[in-house]
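[1] Need coordinates for the following:
(2 chains)
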There are 2 protein chains.
Amino acid sequence: MQTFSHNQLFQFCYNIFISIGCNNKDATTATNVLLSADLRGIDSHGIARLSGYVRLWEAKRINSTPSLKITHHTPSTAVVDADAALGLVAAPFAMQIAIDKARNVGTGWVCVNNSNHFGIAGYHAMMALENDMIGIAMTNASALVAPTFGKEKMLGTNPIAVAIPAGNQPPFVADFATTTAANGKLEILQRKNQDTPLGWVQDVDGNASTNANILKQDGALLPLGSDREHSSHKGYALGSIVDIFTGVLSGASFGPWAPPFPAYIPIPENMPGKGLGHFFGAMRIDAFQEASQFKNQMDKWIERFRNTTPINPDTKVLIPGDPEREMEVERMQNGIPVVDAVVKDLKSLAEKFAVSL
Amino acid sequence: MQTFSHNQLFQFCYNIFISIGCNNKDATTATNVLLSADLRGIDSHGIARLSGYVRLWEAKRINSTPSLKITHHTPSTAVVDADAALGLVAAPFAMQIAIDKARNVGTGWVCVNNSNHFGIAGYHAMMALENDMIGIAMTNASALVAPTFGKEKMLGTNPIAVAIPAGNQPPFVADFATTTAANGKLEILQRKNQDTPLGWVQDVDGNASTNANILKQDGALLPLGSDREHSSHKGYALGSIVDIFTGVLSGASFGPWAPPFPAYIPIPENMPGKGLGHFFGAMRIDAFQEASQFKNQMDKWIERFRNTTPINPDTKVLIPGDPEREMEVERMQNGIPVVDAVVKDLKSLAEKFAVSL
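    Model (predicted):
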């Protein structure tokens, strides 16, 4: 484990994106998105993925000089062809269109096809906040999840993020995979050589498993709910809705045909659409009521929920976004810890592109 | 248990709504919505609730001759004050506005305040289908659910419905409470004198429980995910998003202050808004791509998921909406079974209003 300041990692990451051909603006945007994951404690979606993006660029699956185009639109909607851009660049581009449309007609809804992994969904949803809007972001991803009753991997972890502004209280920011456990949680257990709880994964035959390495043996993640008795069909439905909004509606690939993040895994044959897909929404608060009044009510909501009588007085009820916001303050001040395997990865990138870490 | 034809129950239910003062149109709409629950097998939300609506009307909490008003709007949004209408009437009214707005600017998003229980969310979302639109419906409800780490009931079962048109395949219709188990499932176990699985409910102190009657002893339902280890914080976040979209954004009451369905439970003091709240969305498919092309792709999505290799060859992977659609065909043909307690309820309504059953 080695700790880096945000500035150190920012400069390094920016330089790598410049090295693969991004312009200044795109390199800055991509770095902002990627490092917001590390700051917020979602280590699996931050700097740890940098070498993965580079490998996708090397495999010509990521275009570092894309022409993003709106291919279809109405006053409240648009579809963007991302031209194989970094998802880290395509997503803020599309979210900004959603925000602009919301400014004009109250809400904006933008689908993206031909994209790649877009980092943490929460970053994009949160772009709405400073505009007094509610922000929504979703993406599909390569299939790791078995639907209820199934043993094939059919859906990605397909996250949903919703960011809602408040007044004196910090905003409400939910950002979660539609599975019981995200893949990043398995990776932590793998490093510690520990088992998962029951209900996170199943083996190749669909039997319950506690093996944190089971995905490497053709096992699958389970939808939120874990099993039928605990309503995994709801998690499956939720992940499916994300896949359809981000994949089918955008014209991207979907379901088991979503392109994989690791560059060594071949792209599925006969993909039914282009690349990965995303879906973004922005709703202007004052398209529903005066923004200041809404924010007062959100403060009331947040304060009441924060003061729910806890089961254990030492473990208070949290508001979605609380842990990530506290982590961001802490890491901005004390630095970002990076595990050895990732440090090694970054050092080899530094060497390859003659960039100092 | 007694079985009634759809026609029998329709005529009866319609006559009761007329008896409490609804006009023909509202009585027809309310009956359609209510009985669609019975047809689709969601017995807890159908005719079983008729006497509850009547009691709310007797308590002057439901207005059978409301003036529904749009109080705020933009090209893609509107807020409706339902004037304490039956939610069964207010919801289709608002969903129709969302559909009309989508026709004009691509999407429509409508919040409702000052409403009541709206029946099954799926009915309203499905109104979009015949317009080649995706439909979304949500509602808040009186608090039965404890947030992760909490022992107070803070959220309703807050359902989400999403209906998506397909081509040759039947539509994708997800309609689910954001809890592990809906209250209706507890009622079934209560009648059979059976325990719940672990992970559905907790007792007054927040301990795990399997008592199907625990809500009557100040226990609570658990959010989808059941416990922290299985990501109940995601179910809690999802239920919260529904509460904020339907309650806070609409100007309705919210969280623990949502008004209760049973008329004998007093309305919470100092409600922060008016009545229950709903949220509806309609997205025109061709605001994103040609509708016929999308429907072909949805057929492909549905066929691929339906053919997922099953764990057990006798239990195939289902598409959201499959069981309800099959039930609808079956019950339209063979009648709707009604449990004795509800038959008794209907008979006393028949007597009270001199309406034949």
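
[2] Convert stretch A:326-340 to PDB, retaining C-alpha atoms only.
    Extracted C-alpha coordinates of stretch A:326-340, given in PDB (Å, rounded to 0.1, in the frame of the first residue of the first chain):
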ATOM      1  CA  GLU A 326     -16.700  11.900   4.300                       C
ATOM      2  CA  MET A 327     -14.200   9.800   2.500                       C
ATOM      3  CA  GLU A 328     -13.600  12.600  -0.100                       C
ATOM      4  CA  VAL A 329     -12.800  15.100   2.700                       C
ATOM      5  CA  GLU A 330     -10.500  12.600   4.300                       C
ATOM      6  CA  ARG A 331      -8.600  11.600   1.200                       C
ATOM      7  CA  MET A 332      -8.300  15.100  -0.200                       C
ATOM      8  CA  GLN A 333      -6.500  16.000   3.100                       C
ATOM      9  CA  ASN A 334      -4.600  12.800   3.800                       C
ATOM     10  CA  GLY A 335      -4.000  11.300   0.400                       C
ATOM     11  CA  ILE A 336      -5.300   8.300  -1.500                       C
ATOM     12  CA  PRO A 337      -4.000   4.800  -0.500                       C
ATOM     13  CA  VAL A 338      -3.200   2.600  -3.500                       C
ATOM     14  CA  VAL A 339      -2.700  -1.100  -3.200                       C
ATOM     15  CA  ASP A 340       0.600  -2.600  -4.300                       C
END
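
[3] is it up against chain B anywhere?
    No: Stretch A:326-340 lies out of reach of chain B by C-beta under 8 Å from any C-beta of the partner chain, never closer than 15.0 Å. Quick note: C-beta positions are derived from backbone N, CA and C, even for glycine.

[4] So for that stretch, what gets flagged as buried?
    A:Met327, A:Glu328, A:Arg331, A:Gly335, A:Ile336, A:Val338 (16 or more other C-beta atoms under 10 Å in any protein chain shown).

[5] how close does the residue at the greatest distance from the centre of chain A sit to A:Arg306?
    Largest separation from the mean C-alpha position in chain A: A:Pro313, at 32.3 Å (C-alpha atoms, centre = their mean). Remark: distance between A:Pro313 and A:Arg306 (C-beta to C-beta, to the nearest Å) = 14 Å.

[6] From the buried residues of stretch A:326-340, which land in strands?
    A:Ile336, A:Val338 (DSSP state E).

[7] For the buried residues of stretch A:326-340, work out which two are farthest apart.
    Spanning the widest gap among the buried residues of stretch A:326-340 are A:Glu328 and A:Val338, at 16.2 Å by C-beta to C-beta.

[8] Tell me, how many residues neighbour A:Thr179?
    Using other C-beta atoms under 10 Å in any protein chain shown, A:Thr179 is surrounded by 31 other residues.

[9] what does the stretch 51-200 of chain A have sitting close to chain B?
    So far as C-beta under 8 Å from any C-beta goes, the stretch 51-200 of chain A lies against chain B at A:72, A:74-77, A:79, A:104-107, A:109, A:111, A:134, A:146-152, A:154, A:162, A:164, A:172, A:174, A:176-181, A:197, A:199-200.

[10] could you flag which of those residues are buried?
    A:72, A:74-77, A:79, A:105-107, A:109, A:111, A:134, A:146-152, A:154, A:162, A:164, A:172, A:174, A:176-181, A:199-200.

[11] Quick one: list the elements packing against the strand or helix carrying A:Ser292.
    Assessed by DSSP states H and E, A:Ser292 sits inside helix A:291-306. If contacts are counted by 3 or more C-beta pairs under 8 Å, 6 or more residues apart in numbering or on different chains; DSSP states H and E, helix A:291-306 sits against strand A:172-176.
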